[in-house]
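A.B. asks: could you look at this predicted model? Sequence included:
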Amino acid sequence: MHEQTVGALPDPPAPRPGDQPGCTSSWVDVAHRERDVIIAFGEITNEAITSANQEDLLCLVGKQLCHLLGVTRCSVYLRGNDDRFRGAAGYSEAEGDISAAVQAQEAGIPGDHFSREVITTAAPVLISDVPGDSRPHRRTMEYWRVRAMLGVPLVFDDEVIGLIFVDNEEQEHTYTDEDIALAELFAGLGALFIRQAMLNARLKKQTAEVVQQKNSLAYLADVHQKLTNAVLDGADIQTVVRLLSDLSAKPVVLYGEDFEVLAWAAPAGLKMTQPPVLAANIRAMPSVHDTLQALSANRPSAVVPQTLAIGLGRRHLMCRLIIEGTPSGYLGIVEVGRSLQRLDTKLAEHGATVLSLQILSERRQAEAEGQAREDYLSDLLRNTRNAEQLGRRGPQFGIDLSEPHVLVRFSLDSTAPQVSGSAARRLVVGQLAKELGSAEPLAVSLPGVIIVLVGLRREDEGITEPGALRDAASGVLSALSPRLNIRTAVISGTCRKAEDFPIAHRELREIDDLARSFGWRGGVLTADELGLFRVVVASGRVKEAVHFAHELIRPLEQHDDGTLLATWRAFVAAEGKAQATASALNVHENTVRYRLGKIREHIRQDPTTLDSLLCARMAFQILDLAGC
């Protein structure tokens, strides 16, 4: 039995008679074998470039070490997060890849004092007579028929991250000091390589997960936008079902509470003339029927398995429709053409929510009360009629479009079961009127949204800017919180003509979506106070951007002969530096400060703040690009 722990390569031996000065033949052999190690790792690195399989790379590491030491078998163990050393890969000259057998093993288990010694000392340990040594795990050694074994730690950053064991398969083998030092050198490089390979594998996995999550979020965002736009554009239930079918690339069926088909659609490529509905005797499957009946807002969906015995030849993803807290049917996506995917569940649940709101909206739209007022406001928001016609119709609803107005969008996460959509609208409108001390304003209900049209009063009547509505909107949220779950209230910029309302409406929706994406539940937002965010939200839409720029400088244009606007432009160009502005305008620095004070009075914000500078810079760039 022989045991040896080794640190680095040994110092060169003393020269013998006849040796060249400063060199020995044995040390030349060691240096030559070091080059062999480097060459071996060059081959491993080349393989790593083309192979992403960690097991194959570890097997290659073991194979190269076997060749360097002149042995025939090698096994590699890696430390897990639980500090246990589990088999990862193996190589045998006789059998080739033995990774599967090695992966069934674990090093350092009770009774394996050999492995624990390698781990504890972080240095190579050699056992020349395994059968006569008490340290190795006896059963494991007998299984592998080991005669002599060298254990080498894989040390990275002063930590043992793995182990390599080499032996000669049932044969004695003499390991020289040079062999042990060479194995340790190889293991040092191997540890670096393996840690890098592990990090690369982890990064690839994380990257794949991020890409998958990103794709899922992008898909769901696209679904949300398309469904929301369809509803806002007046799509009926059949249109929404058809859109869901196109998005899922599968048949979609809308059922009533008794599984009667209310609407259905299938992709054009399937050429279906009849809906692939649930069998009429679905109640013959009590467990499935009970599962569907038990679906709720907390567990909205379930998959009905294929059951040929009752004529159900396809799997159905079923999602419950809940309208005003009452179960009101099902939305089904049928596994035809393509397999059901995880994203189909999200699509079904989102589609069921949209359809529930759409059904509720259509029910309420059939009611006569307030229909004409809602239609008018809807026309105003959607720009479905010309401005002249809208202006003529306004007075019959108490609306003068020549006066300034704003829109207030109340977004509801949900309502109490006993509160319908129309009831929620009445509560919001009534409370807002109370907060403003005015008559009830015009309002319209959309799925999950209440939009209110508020006229601005003259200065002597108390309200002069949209931002002053914050307190009133906050009062609505506070007063109705016990009954309605209002997520946000967003106040638009000022609308002065019919063409402004569709822009403001779209802007409110986009601001609300932006707030939702950030998880913001702060209560009240105003489009004006968001400043630069308005341009970000309207990115890619020139009309909205120009509208934002004009609204920013409009108060100044009404009270300026051009001097103040020129000063503001120069101040922004000088990056907010009064002295540089004065030099550019060839005036005294105090003159600049006086003009900035006048600008502050007119635009009702401090032009020297960072937010104002950013907004103004963006506005002037937009106006310049637009040639305004």
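C.D. replies: Done, it's in. Residues are numbered from 1 along each chain as shown.
A.B. asks: and for Asp400, the neighbour number?
C.D. replies: Neighbours of Asp400 under the rule other C-beta atoms under 10 Å: 11. All C-beta spots, glycine's among them, are computed from the backbone N, C-alpha and C.
A.B. asks: that one against Gly394, yeah?
C.D. replies: Yes: checked against C-beta atoms under 8 Å, the pair Asp400 and Gly394 is within contact range at 6.2 Å.
A.B. asks: Gln306: what's it in contact with?
C.D. replies: Leu312, Gly313, Arg314, Arg315 (C-beta atoms under 8 Å, 6 or more residues apart in numbering).
A.B. asks: ok, then the element right after the longest strand anywhere in the chain?
C.D. replies: Longest strand in the chain by number of residues, with DSSP state E as the criterion: strand 405-415. Counting by DSSP states H and E, the next helix or strand C-terminal to strand 405-415 is helix 421-436.
A.B. asks: in that next one, which residues are buried?
C.D. replies: By neighbour count with 16 or more other C-beta atoms under 10 Å, helix 421-436 contains the buried residues 421-429, 431-433, 435-436.
A.B. asks: adding pLDDT and distance to Ile323, write those out as a markdown table.
C.D. replies: Output for those, formatted as a markdown table (pLDDT from 0 to 100; distance: C-beta to C-beta, whole Å):
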| residue | pLDDT | distance to Ile323 |
| --- | --- | --- |
| Gly421 | 77 | 9 |
| Ser422 | 78 | 13 |
| Ala423 | 83 | 13 |
| Ala424 | 87 | 13 |
| Arg425 | 88 | 16 |
| Arg426 | 86 | 18 |
| Leu427 | 90 | 18 |
| Val428 | 91 | 19 |
| Val429 | 90 | 22 |
| Gln431 | 91 | 24 |
| Leu432 | 91 | 25 |
| Ala433 | 89 | 28 |
| Glu435 | 87 | 30 |
| Leu436 | 86 | 31 |
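A.B. asks: identify, from those residues, the entry nearest to Thr307.
C.D. replies: Ranked by distance to Thr307 (C-beta to C-beta), the buried residues of helix 421-436 are led by Gly421 at 37.7 Å.
A.B. asks: distance of the closest one from Leu192?
C.D. replies: To Leu192, Gly421 is 64 Å away according to C-beta to C-beta, to the nearest Å.
A.B. asks: next, format the contacts of Gln306 as a markdown table and append neighbour count and distance to Asp560.
C.D. replies: Shown next, in a markdown table, are the contacts of Gln306 (neighbours: other C-beta atoms under 10 Å; distance: C-beta to C-beta, whole Å):
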| residue | neighbour count | distance to Asp560 |
| --- | --- | --- |
| Leu312 | 20 | 74 |
| Gly313 | 13 | 75 |
| Arg314 | 17 | 70 |
| Arg315 | 17 | 69 |
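A.B. asks: can you pull out the strands in the stretch 1-150 of the chain?
C.D. replies: Taking DSSP state E, counting those that start in this stretch, the strands of the stretch 1-150 of the chain run over residues 73-79, 85-92, 96-97, 106-107, 125-127, 149-156.
A.B. asks: between those strands, which one is nearest to Ala268?
C.D. replies: strand 96-97 (50.2 Å).
A.B. asks: that closest one pairs with which strands?
C.D. replies: Sheet pairing of strand 96-97 (DSSP bridges) gives strand 85-92 (antiparallel).
A.B. asks: tell me what angle the longest strand of the chain forms with helix 421-436.
C.D. replies: 130 degrees (axes from the mean of the first three to the mean of the last three C-alpha atoms, to 10 degrees).
A.B. asks: dump the C-alpha coordinates for strand 405-415 into CSV.
C.D. replies: Provided in CSV are the C-alpha atoms of strand 405-415 (Å, rounded to 0.1, in the frame of the first residue of the first chain):
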residue,chain,number,x,y,z
HIS,A,405,-63.2,69.1,-21.7
VAL,A,406,-61.2,66.2,-20.3
LEU,A,407,-61.7,62.5,-20.1
VAL,A,408,-61.4,60.5,-16.9
ARG,A,409,-60.8,56.8,-17.2
PHE,A,410,-61.6,54.6,-14.2
SER,A,411,-60.2,51.1,-14.5
LEU,A,412,-61.8,48.4,-12.5
ASP,A,413,-60.0,45.2,-11.5
SER,A,414,-63.3,43.7,-10.4
THR,A,415,-66.6,44.5,-8.8
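A.B. asks: any idea of the mean pLDDT in that strand?
C.D. replies: For strand 405-415, the mean per-residue pLDDT is 84.
A.B. asks: buried residues in that strand?
C.D. replies: So, applying 16+ other C-beta under 10 Å, buried residues of strand 405-415: His405, Val406, Leu407, Val408, Arg409, Phe410, Ser411, Leu412, Thr415.
A.B. asks: now, which of the residues you listed sits nearest Ile180?
C.D. replies: Closest to Ile180, out of all of these and judged by C-beta to C-beta, is Ser411, at 71.6 Å.
A.B. asks: mind exporting stretch 106-122 as PDB, just the C-alpha atoms?
C.D. replies: C-alpha atoms of stretch 106-122 as PDB (Å, rounded to 0.1, in the frame of the first residue of the first chain):
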ATOM      1  CA  GLU A 106     -21.800   8.700  -5.200                       C
ATOM      2  CA  ALA A 107     -18.400   9.500  -3.700                       C
ATOM      3  CA  GLY A 108     -17.800  10.400  -0.100                       C
ATOM      4  CA  ILE A 109     -20.700   8.300   1.300                       C
ATOM      5  CA  PRO A 110     -20.300   6.600   4.700                       C
ATOM      6  CA  GLY A 111     -17.500   4.100   4.500                       C
ATOM      7  CA  ASP A 112     -15.800   5.900   1.700                       C
ATOM      8  CA  HIS A 113     -12.800   7.400   3.600                       C
ATOM      9  CA  PHE A 114     -10.700   7.400   0.400                       C
ATOM     10  CA  SER A 115     -12.900  10.000  -1.300                       C
ATOM     11  CA  ARG A 116     -13.400  12.000   2.000                       C
ATOM     12  CA  GLU A 117      -9.600  12.200   2.300                       C
ATOM     13  CA  VAL A 118      -9.200  13.600  -1.300                       C
ATOM     14  CA  ILE A 119     -12.000  16.200  -0.500                       C
ATOM     15  CA  THR A 120     -10.600  17.100   2.900                       C
ATOM     16  CA  THR A 121      -6.900  17.500   1.800                       C
ATOM     17  CA  ALA A 122      -7.800  19.000  -1.600                       C
END
